[in-house]
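In: structure for the following, please:
(one chain, ligands or ions: 1)
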Amino acid sequence: DSWYLEVVNLFLWTALSVSFHQKLVGVIMGSQSDWPDTMKFAASTLEELGVSFEVNIVSAHRTPERLFEYAKTARSRGLKVIIAGAGGAAHLPGMVAALTPLPVLGVPVQSKALSGMDSLLSIAQMPGEGIPVGTLAIGRSGAINAALLAASILASSGNHPDISQKYDEYRSKQTESVNLVPVDESA
Ligand code: RP5
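Out: All right, here's what the predicted structure looks like:
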């Protein structure tokens with residue numbers, strides 16, 4: 001019987017280590033420059049909500065092979081949601097969405113030339129042809145909200161009660177932080 005127990009043991013350890021390392025959200029961005037002012041805030045919000053995630057630079061035009069590999073393997077690697085930030089002619093979220101059935105949340109990065117209007121329209125204006133991208137606000141707000149939405153999607157699956165609880169707490173904290181009456185801050 002002992003060989004049988006050893007096999008079961010090995011199987012359990014493998015399953016445990018796979019689920020331990022498994023990340024639920026993939027955060028990607030077109031460039032290193034998208035990180036400090038924008039995508040970093042998606043990561044810190046996910047951290048606050050106890051959502052496991054991985055972060056990568058994946059450029060649609062500079063690393064197209066990496067993009068293909070990333071998106072094609074995303075679901076089998078266990079990811080449940082992808083947050084993709086890009087600026088300018090921001091095709092990263094749309095291209096990723098075309099290659100995976102996972103929900104893709106697009107964050108328009110504030111560009112230098114057009115302050116992110118180009119990014120926003122590139123990401124939001126997907127034609128109604130079966131490849132949706134959930135588009136958030138330009139910049140830091142969009143990155144934070146993408147993380148919140150990812151947590152909300154995971155929470156509503158019913159498989160992550162821990163995330164659901166943290167998300168509810170986050171919302172309650174926001175509500176409680178709003179004064180009923182304004183105070184004179186200069187006094
Ligand atoms: C996009 O071009 C990136 O997402 C970034 O927002 C923008 C500028 O990239 P860098 O020139 O700073 O690398 O691909």
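
In: hey, let's count contacts and neighbours off CA atoms from now on
Out: Noted.

In: what does the chain put close to the ligand?
Out: 29-31, 33-34, 86-88, 109 (C-alpha under 6 Å from any ligand atom).

In: residue ranges with poor pLDDT in this structure?
Out: Residues of the chain that meet the criterion pLDDT under 70 lie in 1, 14-20, 187.

In: who's in contact with the most centrally placed residue in it?
Out: Nearest to the geometric centre of the chain sits I83, at 3.0 Å (C-alpha atoms, centre = their mean). For I83, the contact set (C-alpha atoms under 8 Å, 6 or more residues apart in numbering) comprises 25-28, 93, 104-107, 146-147, 150.

In: and for Q110?
Out: 87, 116-117, 119, 138-139.

In: by neighbours, which of these wins?
Out: With neighbours taken as other C-alpha atoms under 10 Å, the top of these is G87, carrying 29 neighbours.

In: in a markdown table, list the residues of the chain next to the ligand along with secondary structure.
Out: Output for those, formatted as a markdown table (DSSP: H, G, I helix; E, B strand; the rest coil):
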| residue | secondary structure |
| --- | --- |
| M29 | strand |
| G30 | coil |
| S31 | coil |
| S33 | helix |
| D34 | helix |
| A86 | strand |
| G87 | strand |
| G88 | coil |
| V109 | strand |
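
In: and which of the residues you listed is nearest L154?
Out: Comparing the residues of the chain next to the ligand against L154 with C-alpha to C-alpha places M29 closest, at 21.1 Å.

In: all the strands of this structure, in order from the start?
Out: Using DSSP state E, the strands of the chain run over 25-29, 53-57, 81-87, 104-109, 134-135.

In: tell me which of those sits most buried.
Out: Using mean count of other C-alpha atoms under 10 Å, the stretch among those with the largest mean neighbour count is strand 104-109, at a mean of 32.

In: that one pairs with which strands?
Out: Here strand 104-109 has these sheet partners by DSSP bridges: strand 81-87 (parallel), strand 134-135 (parallel).

In: hmm, back to that, using CSV, lay out the contacts of Q110 together with distance to V178.
Out: Output for those, formatted as CSV (distance: C-alpha to C-alpha, whole Å):
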residue, distance to V178
G87, 33
G116, 29
M117, 30
S119, 32
I138, 24
G139, 23
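
In: name the nearest of those relative to the ligand.
Out: G87 (3.3 Å; C-alpha to the nearest ligand atom).

In: quick check: S59 touching S31?
Out: Yes: contact between S59 and S31 holds when scored by C-alpha atoms under 8 Å: they sit 6.5 Å apart.

In: which of those two has more neighbours?
Out: Taking neighbours as other C-alpha under 10 Å, S59 and S31 compare with S59 leading, 20 against 16.

In: residue contacts, the closest residue to V109 other than its chain neighbours?
Out: Once flanking residues are discounted, V109 sits nearest to G87: 4.5 Å by C-alpha to C-alpha, 6 or more residues apart in numbering. By C-alpha under 8 Å, 6+ apart, the contact set of G87 is 30, 34, 108-111, 116, 118-119.
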